[in-house]
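> need the 3D shape of this:
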Amino acid sequence: MTPRFDDEPPATWRARYDGTCAADCGFRIHPGDMVQRVDGQLVHHGCIPEEQPEPEPRPVCPTCHMEIALNGACSC
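All right, here's what the predicted structure looks like:
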């Protein structure tokens, strides 16, 4: 297996199964469509997934130093 370098374009191939394009282009992937993997996600050849912003870190409990749950409850 030859190593891939970051400056190489991603490899493309024909899809064998139905799926959803991770780029949210509005079209499903069908067998025979040209696809590629971008950042670990399957997309149509030429589609580029939108950058997802990093989520803000959740607050940490001063007692147990665990992240506080989304409902505001702490496990300690």
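
> confirm for me that D33 is in contact with L42.
No - between D33 and L42 there is no contact under CB atoms under 8 Å: 10.1 Å. (Glycine included, C-beta is placed from N, CA and C.)

> who touches both of the two?
A15 (CB atoms under 8 Å, 6 or more residues apart in numbering).

> which stretches in the protein count as strands?
Using DSSP state E, the strands of the chain run over 12-14, 19-20, 28-29, 34-38, 41-44.

> paired strands for the third one, with orientation please.
Yep, that's strand 28-29 we're talking about. Partners of strand 28-29 in the sheet, by DSSP bridges, are strand 19-20 (antiparallel).

> distance from the chain centre to the strand it pairs with, please.
The chain centroid and the centroid of strand 19-20 are separated by 13 Å under CA atoms, centre = their mean, to the nearest Å.

> what of stretch 19-32?
Offset of stretch 19-32 from its chain centre (CA atoms, centre = their mean): 14 Å.

> perfect, that will be all.
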